[in-house]
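Colleague: can't give you the sequence, but here's the structure:
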């Protein structure tokens, strides 16, 4: 949370395919309690996580897909959009 303590809004990135570390929904919920952590880019490809994370965080916490091919389904399940791969 050091970066979040700087006062700027932070969107966390969960990209286990590149980092080999998975940020679980429970860990996401703990981090979401910090007032400057405002969202998550989830690139796990697990669409069931949207509902699980939504149940653990506040309504204003933003959830973005990190997978272009599942972005529309991600939004239909409660996500807020997509941070596309460039």
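Modeller: Yep, it's here. Predicted model only: the values in this text are computed from it and were never measured.
Colleague: where does this protein dip in pLDDT?
Modeller: 1 (pLDDT under 70).
Colleague: quick one, strands of it?
Modeller: 10-14, 37-42, 62-65, 81-82 (DSSP state E).
Colleague: just put those strands in CSV and tack on mean neighbour count.
Modeller: All C-beta atoms are positioned from the backbone trio N, CA, C, and that covers glycine. Shown next, in CSV, are those (neighbours: other CB atoms under 10 Å):
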stretch, mean neighbour count
strand 10-14, 17
strand 37-42, 22
strand 62-65, 21
strand 81-82, 16
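Colleague: switch these over to JSON lines; also include distance to residue 56.
Modeller: Converted to JSON lines, these look like this (distance: least, CB to CB, whole Å):
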{"stretch": "strand 10-14", "distance to residue 56": "14"}
{"stretch": "strand 37-42", "distance to residue 56": "11"}
{"stretch": "strand 62-65", "distance to residue 56": "11"}
{"stretch": "strand 81-82", "distance to residue 56": "19"}
